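[1] after the sequence you'll find the predicted model.
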Amino acid sequence: MTQQPHPNVAEITVTCAVVTVSDTRTLETDKSGQLIQQLLLGANHSVAAYAIIKDEPAQIQEQIELLGKNANLDAVIFNGGTGIAPRDTTYDAIENLLEKTLPGFGELFRFLSYQEIGSRAIASRAVAGVYQNKFIFSLPGSSNAVRLGMEKLILPELTHLVSQMRK
C-alpha cells in the first residue's frame, strides 16, 4: 500500500493532455494513450487534449510549447520514445525544455520497474518536471509501464503537485 505523507488539501480536478509519441501507433492501436485517459478520468481528472505525434524531437518540442500556452492545462502526460534506440528521442526533447525537474519521478519509476522487469529497467528514461507552470510526465510506451507510472506515481501525487503549483 502506498503511504500518503501528507493529505491532499482538497480534491481538485486536474486538467491534462495526453500525448503518444510513436512512428506507428494510430487512434485505434494506441492502447497506452487510451489507458492514460481512462485512468485520469477514473480518478476524476479531465483530458482536454490528446495527440499522437511522430518520434521527432522538433515535433515533441512543438507539442510541449503549444500545450504550454494553454492556460487551462495543469499537466501533460507523454508516453513512448523513452528508450535508448536511435528513434527514441522523447527524453532528450523534453529534458531540454524543463524549467524544473523532478528527479525522483524517474528514479522511483525505474525502481518500481526493476521490481517488475528486472535489470532491463535501466534502459528507461522516464522523466518529469515543470514547463510553463505545467507538469510534464514522460513514460515508456508499453501499457504495463503506463499503468505502473500512472497508478504508483502520477495519480497518487497529481492533485498535491498541482495544488503546490497553484500557490
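    In hand now; what should we look at? Numbers count the residues shown, from 1 in each chain.

[2] show me where this structure has strands.
    15-21, 46-53, 75-79, 100-101, 127-131, 134-139 (DSSP state E).

[3] and the last one, what does it pack onto?
    With contacts defined as 3 or more CB pairs under 8 Å, 6 or more residues apart in numbering; DSSP states H and E, the secondary structure elements packing on strand 134-139 are helix 57-68, strand 75-79, helix 90-95, strand 127-131, helix 143-149, helix 155-165. For glycine as for every other residue, the C-beta is placed from the backbone atoms N, C-alpha and C.

[4] hmm, back to that, in JSON lines, list the strands of the chain along with distance to residue 118.
    Listed next are those as JSON lines, based on distance: least, CB to CB, whole Å:
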{"stretch": "strand 15-21", "distance to residue 118": "25"}
{"stretch": "strand 46-53", "distance to residue 118": "30"}
{"stretch": "strand 75-79", "distance to residue 118": "21"}
{"stretch": "strand 100-101", "distance to residue 118": "26"}
{"stretch": "strand 127-131", "distance to residue 118": "21"}
{"stretch": "strand 134-139", "distance to residue 118": "18"}
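
[5] nearest to residue 28 among those would be which one?
    Proximity to residue 28 (CB to CB) singles out strand 46-53 among the strands of the chain, at 10.5 Å.

[6] I figured residue 26 hits residue 52, correct?
    Yes. With contact defined as CB atoms under 8 Å, residue 26 reaches residue 52; the gap is 7.0 Å.

[7] okay, those two: which has more neighbours?
    residue 52 (18 against 9; other CB atoms under 10 Å).

[8] so what sits opposite the residue nearest to that one when sequence neighbours are not counted in the bridge?
    The shortest distance from residue 52 to any non-neighbouring residue, by CB to CB, 6 or more residues apart in numbering, is to residue 20 (4.6 Å). Taking DSSP bridges as the rule, residue 20 bridges to residue 52, residue 79.
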